[in-house]
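Q: A predicted structure for the sequence below; I have some questions about it.
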Protein chains: 2
Amino acid sequence: MTGIRQLAEHLDISIGTVSRALNGKPDVNEETRRRVLAAAEELGYVANQSGRSLRQGETKVIGLMIESSKETVENADNFFLGVTSGLQSVFARHKLDLVMLPCPSDEDPHEYLKRMVARRIVDAMIISDTQRVDRRIDFLSRAKIPFVALGRSLSAGNFPWIDLDFEGVADHAVERLIARGHRRIAITAPSSEANLGYLFVGSYRRALERHDIAFDPALVIRVKSSEQGGYQAAHELLQLEERPTAVILIYELMAIGLYRRLMESGILPGRDLAVIGFRDAPRARFLQPSLSCFRISLYDLGVDLGRMLLANMPAYRDFYPDSGRDIIWPLELVPGESDAFDVGAIV
Amino acid sequence: MTGIRQLAEHLDISIGTVSRALNGKPDVNEETRRRVLAAAEELGYVANQSGRSLRQGETKVIGLMIESSKETVENADNFFLGVTSGLQSVFARHKLDLVMLPCPSDEDPHEYLKRMVARRIVDAMIISDTQRVDRRIDFLSRAKIPFVALGRSLSAGNFPWIDLDFEGVADHAVERLIARGHRRIAITAPSSEANLGYLFVGSYRRALERHDIAFDPALVIRVKSSEQGGYQAAHELLQLEERPTAVILIYELMAIGLYRRLMESGILPGRDLAVIGFRDAPRARFLQPSLSCFRISLYDLGVDLGRMLLANMPAYRDFYPDSGRDIIWPLELVPGESDAFDVGAIV
DNA sequence: CCTACATTCGTAAACGTTTACGGAGTGCGT
DNA sequence: ACGCACTCCGTAAACGTTTACGAATGTAGG
């Protein structure tokens, strides 16, 4: 493979000049720069990243850590692929590359992260699936590795993150349903006492009480946020003595299972039960009746995530002076047929 | 951050000895090795990968290139995540790490690959989504970069690959359906003249003719291999003057859309039309009636892919002496309800 | 006591790049 | 003729690690 040395010999100039020419340094004759660039193209020279990293102490690579948990694989919503395109559009401007780091399911995410960072494979990290207390966040903070998190956490006082607006969605959904005459509204939440479930249900409760509707714990269906979870949620809904007229799903994908279970009992979403979904899962886009759903532009989310990260890296800070922090990502309601009916009209 | 120099000073021995101790070289006293390892653990020392890579000319990182095409995102089957776990189980034994390299959709995959390789971010590559003529394969072959491909190609005479047994599946499916009395069997194929479609349909045709059933081009439904494609396939099936009694899907995911379209017309899969799927798509696992389908263990596929790659790398070749090449991956039929009826019994 | 050998360790070069520093050449004003 | 500023380029050190080589020590055999 051709290194900078071969390139310099071929051009009969010193490697220092070649390097400066390639890196756009000012103290090099424009004519020589032209020759160097031409020769580099001709010989197919690309700088060896190891040498460069060693010298300047940075790799120009950003890592996106993902966990290949069973749940991720089963849900299969390609959430991350959607985000990467937005991330890359930002990184490309600075010649940064993005790699996805899949943490093996049998390895502790914290250890995996430490290894990747210590080996200096990446300069900065994007982490996701944040836990309520997340050792990764403490580690990255202390080690002063630039990072952003996709998801809130209670760990480490102050770090940049973006999270979805669970509270806004629940509030909006309840308001919308109430406006259509619904009084008995169910909601799904993760079985664990996760942060996001707390926010989601809390906001739902406040919205109900604002309209003098008593909060009924029986209407909070705790199931897994997956297609099967949706199936089970429908099953539990049908068991209730006083059946709700509407249900809010914390994860769009659940609608697939929910629809199926409902249809099995001859209940048609959008006619017999209003359904509103949340989050973005491409596979749920083609349901019938179409799902009313709060959607995200994963691309835009990736862009903001990338900007926020760079704003936290000294070398790029100046490019993103007014980049926000701790963004609560708003979602847009895409109306469908699944909540199209007014209860008032029926009663 | 602590480097090998700090570690050596702390122990009051030379950095050469520290390095040898850490790397398990024989010419170091066991007592000193113990001390070094203890100190490394205590100080949290991890070798800087840039320095190491530079010296030994290898990065100990394997790249899995994925394309975030629109189709991938929409299909959302997490095929790659499933494969990575198998890959990592092999790589972990040799302290190799796996990174996923998502090629931006606006960049030429060939250029992207060249960049990643030239920058020496990875030692070896796993590529997928191979095209009939694929410049990446020619490039990697010429540059002598170890690689394996997930998918066949007509490029570059001789390279290691694994591909799914399209021919075996089509053959098996046809035989199975004929044994149950079906004579009019439809099949789906990609709209493009892709390699795999050619193999799939070709084998289907030969199996039919083996049983003296004339090949009817009208029964080859050319649609996209996606959920929507399945919907459209069903639609086209219903238009046919003489409706088939069975259909073979080239991609399991299509079953979701197909089912929906069929149900809309009151046709029940497994009772009115036999359906057999192919490939592994977790989201299709929960269909009702359950889908008869040729499934893969993505984990096992990953394991073999990893082994095949290492067998092509000088440093690891000896560990995998009898690793096969050019594997046509066999699939196992997981019977379901969707093809459970005998046409003979009805007629 | 000398030689031969094994064990253990230190020394220094090398990997490919970037960059601080200084030198050579030129032009210009005094 | 001299000094100065400016442009352009070469030199060499540095990044953190591995490893070939040889030095030092100990041990055993003659």
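A: Thanks, I have it. Numbers count the residues shown, from 1 in each chain, chains lettered A, B, ... in the order given.

Q: part of a strand, is A:I162?
A: Yes: when classified by DSSP: H, G, I helix; E, B strand; the rest coil, A:I162 is found to be part of a strand.

Q: What's the local residue count around it?
A: A count of neighbours around A:I162, defined by other CB atoms under 10 Å in any protein chain shown, yields 21. All C-beta spots, glycine's among them, are computed from the backbone N, C-alpha and C.

Q: Name the nearest residue to it, ignoring sequence neighbours.
A: Spatially, and ignoring its direct neighbours in sequence, A:I162 is nearest to A:I327 (4.5 Å; CB to CB, 6 or more residues apart in numbering or on different chains).

Q: Against DNA strand C, how distant is that neighbour?
A: Counting by CB to the nearest atom of the strand, to the nearest Å, the gap between A:I327 and DNA strand C amounts to 33 Å.

Q: With A:V247 instead?
A: With distances defined as CB to the nearest atom of the strand, the gap from A:V247 to DNA strand C amounts to 57 Å.

Q: With A:K60 instead?
A: With distances taken as CB to the nearest atom of the strand, A:K60 is found 10 Å from DNA strand C.

Q: Now that residue: closest residue in space that isn't a chain neighbour?
A: Take A:K60 and drop its neighbours on the chain: the residue closest to it by CB to CB, 6+ apart is A:L96, 5.5 Å away.

Q: again, but for A:S19
A: Closest to A:S19 by CB to CB, 6+ apart is A:I4, at 6.2 Å.

Q: I'd say that neighbour and A:V18 touch.
A: Yes: proximity of A:I4 to A:V18 meets the contact threshold set by CB atoms under 8 Å, at 5.6 Å.

Q: Just give me the neighbour total for the residue nearest to A:S19.
A: Here the count is done by other CB under 10 Å, and A:I4 has 19 residues near it.

Q: State the number of residues packed around the closest residue to A:W161 other than its chain neighbours.
A: Of all residues not flanking A:W161 in the chain, A:A149 sits nearest, at 4.1 Å (CB to CB, 6+ apart). Neighbourhood size, A:A149 [other CB under 10 Å]: 26.

Q: Counting by contacts, list what whatever helix or strand A:A149 lives in packs against.
A: Using DSSP states H and E, the element containing A:A149 is strand A:147-150. Secondary structure elements in contact with strand A:147-150, counted by 3 or more CB pairs under 8 Å, 6 or more residues apart in numbering or on different chains; DSSP states H and E, are strand A:124-128, helix A:135-143, strand A:161-164, helix A:298-311.

Q: Show me what counts as buried in stretch A:329-341.
A: For stretch A:329-341, the neighbour count (16 or more other CB atoms under 10 Å in any protein chain shown) marks A:W329, A:L331, A:L333, A:G336, A:E337, A:S338, A:D339, A:F341 as buried.

Q: can you tell me which of these are in helices?
A: When those are checked against helices (DSSP state H), there are no matches.

Q: Would you convert those into CSV that also reports pLDDT?
A: Putting these into CSV (pLDDT from 0 to 100) gives the following:
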residue, pLDDT
A:W329, 93
A:L331, 93
A:L333, 91
A:G336, 89
A:E337, 90
A:S338, 93
A:D339, 91
A:F341, 81
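
Q: Check the gap between the residue nearest to A:K60 and DNA strand D for me.
A: A:L96 is 20 Å from DNA strand D, by CB to the nearest atom of the strand.

Q: follow-up on the earlier one: which stretch in the helices and strands packed on strand A:147-150 is the model least sure about?
A: Among those, helix A:135-143 carries the lowest mean pLDDT, at a mean of 90.

Q: could you say what helices and strands it packs with?
A: Helix A:135-143 is packed against helix A:109-118, strand A:124-128, strand A:147-150, with contacts defined by 3+ CB pairs under 8 Å, 6+ apart.

Q: Identify the residues contacting that helix?
A: With contact meaning CB atoms under 8 Å, 6 or more residues apart in numbering or on different chains, helix A:135-143 is reached by A:109-110, A:113-114, A:117, A:125, A:127, A:130, A:147, A:149, A:153, A:155-156, A:159.

Q: and the spatially most central residue of chain A, what is it in contact with?
A: Of all residues in chain A, the one closest to the mean position by CA atoms, centre = their mean is A:L150, 5.4 Å from it. Listed by CB under 8 Å, 6+ apart, the contact set of A:L150 reads A:V83, A:I126, A:I127, A:S128, A:D129, A:T130, A:W161, A:I162, A:D163, A:L305.

Q: Show me what it bridges to in the sheet.
A: Beta-bridge partners of A:L150, counted by DSSP bridges, are A:S128, A:I162.

Q: and it, how far is that from DNA strand C?
A: For A:L150, the distance to DNA strand C equals 31 Å [CB to the nearest atom of the strand].

Q: Give me the pLDDT for that residue.
A: Reading off the confidence values, A:L150 has pLDDT 92.

Q: for the residue in the stretch 101-250 of chain A positioned nearest to DNA strand D, what are its contacts?
A: Scanning the stretch 101-250 of chain A for proximity to DNA strand D using CB to the nearest atom of the strand identifies A:R120 as nearest, at 8.4 Å. If a contact means CB under 8 Å, 6+ apart, then A:R120 has A:S53, A:T59, B:N48, B:Q49, B:S50 as its contacts.

Q: Show me what secondary structure element comes after the helix or strand containing the last one.
A: Read that as B:S50. Here B:S50 sits within helix B:49-56, counting by DSSP H and E. Toward the C-terminus, helix B:49-56 is succeeded by strand B:61-67 as the next helix or strand (DSSP H and E).

Q: how about that following strand against chain A, any contact?
A: Yes: taking CB under 8 Å from any CB of the partner chain as the criterion, strand B:61-67 and chain A are in contact, through B:V61, B:I66.

Q: What strands line up against that strand, and which way round?
A: strand B:97-103 (parallel), strand B:124-128 (parallel).

Q: which parts of chain A sit against DNA strand D?
A: On the criterion CB under 7 Å from any atom of the strand, DNA strand D has as its neighbours in chain A the residues A:13-17, A:20, A:27-32, A:51, A:54-55, A:57.

Q: related to what we said a few turns ago, can I get the strand holding A:A149 as CSV, trimmed to CA atoms?
A: Written as CSV, here are the backbone C-alpha positions of strand A:147-150 (Å, rounded to 0.1, in the frame of the first residue of the first chain):
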residue,chain,number,x,y,z
PHE,A,147,-20.8,11.8,24.6
VAL,A,148,-24.5,12.2,24.2
ALA,A,149,-27.3,9.9,25.4
LEU,A,150,-30.4,9.0,23.6
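
Q: Now do it: distance to the chain's middle.
A: 10 Å (CA atoms, centre = their mean, to the nearest Å).

Q: residue ranges of the strands in the stretch 101-250 of chain A, please?
A: Using DSSP state E, counting those that start in this stretch, the strands of the stretch 101-250 of chain A run over residues A:124-128, A:147-150, A:161-164, A:185-189, A:220-222, A:246-248.

Q: quick one, what contacts A:V133?
A: Contact analysis of A:V133 by CB under 8 Å, 6+ apart lists A:S153, A:L154, A:S155.

Q: Can you lay out those residues as CSV showing distance to chain B?
A: Supplementary listing: the contacts of A:V133 in CSV, determined by distance: CB to the nearest CB, whole Å:
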residue, distance to chain B
A:S153, 23
A:L154, 25
A:S155, 19
